[in-house]
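Undergrad: what's the 3D shape of this:
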Amino acid sequence: MTGTAGPGGLRPQRRGRSIAMSDAERDAFLAEQRTCRVATVGADGPHATPLWFGWDGAGPGALWLYSIVRSRRWADLVADPRVGVVVDAGEEYADLRGVEITGHAEVVGEVPRTGDDVTAAELAAAEVHYARKYLGGDEMIHDGRHGWLRVTPSKIVSWDFRKL
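TA: The predicted structure is shown next:
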């Protein structure tokens, strides 16, 4: 899709505006959902995998992915940072809702993450949010196999068929 960038450099949603989520609805939806689907492009073509995530809705927003660094997903994103991510929910047609984010991923912090790198201050909020959402506390448990990727959205599209 082409178009003029909106606030924060994001391309505006052109279709489906009547069923689009507001920023507050989108942020609440992404806070409650647990699994996203991450699509990458590698030498062998497209690759899609489920992954847990964190969402920071401040400004244009950022999606945080805590990924195994020896995965195809990680290798694909280091070689080509273009990424597509979908988070969706609903069983019946009238209940379908979701968010699609396209953008670029960048490695943040030490690789793999051990928690020893105190210079990665920008990870502090992402790690607390992730730990609360998935680990039941405020502390990250680093296994020395994962690293952080920040997805900076260039486009966010949302839909909520319950608005029809």
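Undergrad: what pLDDT, on average, does stretch 138-157 get?
TA: Taken as a whole, stretch 138-157 carries a mean pLDDT of 94.
Undergrad: oh, I was asking about stretch 25-37
TA: 96.
Undergrad: for it, buried residues please.
TA: 26, 27, 29, 30, 33, 36, 37 (16 or more other CB atoms under 10 Å). Just so you know, the C-beta spots here come from the backbone N, C-alpha and C atoms, and that holds for glycine as well.
Undergrad: tell me where the longest helix sits in the chain.
TA: helix 23-32 (DSSP state H).
Undergrad: can you list the helices and strands that that helix packs against?
TA: Contacting helix 23-32 under the criterion 3 or more CB pairs under 8 Å, 6 or more residues apart in numbering; DSSP states H and E are the following elements: strand 45-56, strand 82-89, strand 97-108, strand 146-160.
Undergrad: just the buried residues of stretch 92-109, please?
TA: Quick answer for stretch 92-109 (16+ other CB under 10 Å): 96, 97, 98, 99, 100, 101, 102, 103, 105, 107, 108, 109.
Undergrad: fine, thanks again, bye for now.
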